[in-house]
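**Student:** generate a structure from the sequence data that follows.
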Amino acid sequence: MSDLSNSFTQSNLEVEEEQKADSILVERSFELNELSAQSPSMRRGFTYDSENARNFDQGNVKKAKEGVKELLKDALDKAKKQVTDLKSFAKKEGYDSGYEEGFKKGEAAAREEFNPFLETVQGLISDLSGFRKDMYDQLEREMVKMVVDLAKKVIHFEFSTRDDAVQEMIRLAVQSVLDRESMTIKINPADKGYAESFRPELHHLFSEIKNITFEAHTGVDRGGCVVETNFGVVDARIDKLGEQMDRILNLAPPSPDELVAASKKDTETDIEEDSETPKEEQSEQSAEENDSETPKEEQSEQPAEENDSETEPPEEKK
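**Tutor:** A predicted model of the protein is given here:
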């Protein structure tokens, strides 16, 4: 049994060793096959790495090219913008200078062309201003005269139609009198009754009145009166009132036409006086010359008489 076990064991061991050897051979062959199979992959890996390096270099170059292009583009854009700005600035500056120069030339030409017209217009304006001033002065005086004439007509109408108008005129006349003790008031016959009825009012207004006499007088228009006192006469007739208004009007300053006429008249009188003065001087000079010539004539006559006496023959002796 032990032999069997030994034989079995050896045989088994041999078989196992053979199997191990076969397995080793198989394994080795498998490893070689793997190495032979792995060699292309290793080659591919090496190729891949070189391709990656080459691709990396190409990418960097491409990026560099793109960066250069962008830089060039930015530089070109900036240059174009600067050129555009310079052109616009130059255009604006040229436009401004040209506009200013053209404006000055146009202004000078317009002034030269319109100066006569402007001078004419200014002359017309000055003439109109002077004419307006003269017209204002003249119209002012005429307006005052017209107002005075109208006031005359109104006063005349009022005092000639109102029955109690004479009372107001008497009051005004007595108020202007200095001595009111004794007065004689002449009125129109139609106003005598109204004047007599006004006597108490006069004594009440003027306490110094002692004697008042109302006389009807046809020479006094209705509404007017004439007050006679010891110190003078106050003529308060309607016509005299108009004359007083005319005097007030004459106190106003004269119109320009009147001033011009007065100055011309004064100039003419001065010229006439100057022209008459040489004539008087000439007449005086001629009179003096005549006076100076008279002794010469007398002297010439005296030698002539002497010559005549010498030429007379001597008287014959008888």
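
**Student:** model confidence score at Glu228, please.
**Tutor:** Listed pLDDT for Glu228 reads 91.

**Student:** do the same with Glu243
**Tutor:** 74.

**Student:** which secondary structure element contains it?
**Tutor:** Glu243 is part of helix 238-250 when elements are defined by DSSP states H and E.

**Student:** just after whichever helix or strand Lys91 is part of, pick out the following helix or strand.
**Tutor:** Following DSSP H and E, one finds Lys91 within helix 2-161. Downstream of helix 2-161, the next assigned helix or strand under DSSP H and E is helix 165-175.

**Student:** and the strands in the stretch 151-300 of the chain, which stretches?
**Tutor:** All strands of the stretch 151-300 of the chain, identified by DSSP state E, counting those that start in this stretch, fall at 182-187, 211-216, 225-229, 232-236.

**Student:** for Asp235, which non-adjacent residue is closest in space?
**Tutor:** Val226 (5.4 Å; CB to CB, 6 or more residues apart in numbering). The way it works is simple: take the backbone N, C-alpha and C, and place the C-beta from them, glycine included.

**Student:** please name the bridge partners of the one you found.
**Tutor:** Per DSSP bridges, the residues bridged to Val226 are Lys186, Asp235.

**Student:** burial of it, as a residue count?
**Tutor:** By the criterion of other CB atoms under 10 Å, Val226 has 19 neighbours.

**Student:** can you pull the contacts of it?
**Tutor:** 173, 185-186, 217, 220, 233-237 (CB atoms under 8 Å, 6 or more residues apart in numbering).

**Student:** on that earlier part again, to Met143, which of the strands of the stretch 151-300 of the chain lies closest?
**Tutor:** Minimum separation from Met143 across those (CB to CB) falls at strand 232-236, 27.3 Å.

**Student:** any idea of the mean pLDDT in that closest one?
**Tutor:** 86.

**Student:** stretch 74-91 now?
**Tutor:** 78.

**Student:** any idea how far Glu181 is from the residue nearest to Asp235?
**Tutor:** The gap separating Val226 from Glu181 is 18 Å, by CB to CB, to the nearest Å.

**Student:** okay, now Lys145: neighbour count?
**Tutor:** For Lys145, using other CB under 10 Å, the count is 13.

**Student:** let me fix that, I meant to ask about Ala173.
**Tutor:** Ala173 has 20 nearby residues by other CB under 10 Å.

**Student:** cool, Lys92 as well?
**Tutor:** Lys92, neighbours per other CB under 10 Å, totals 10.
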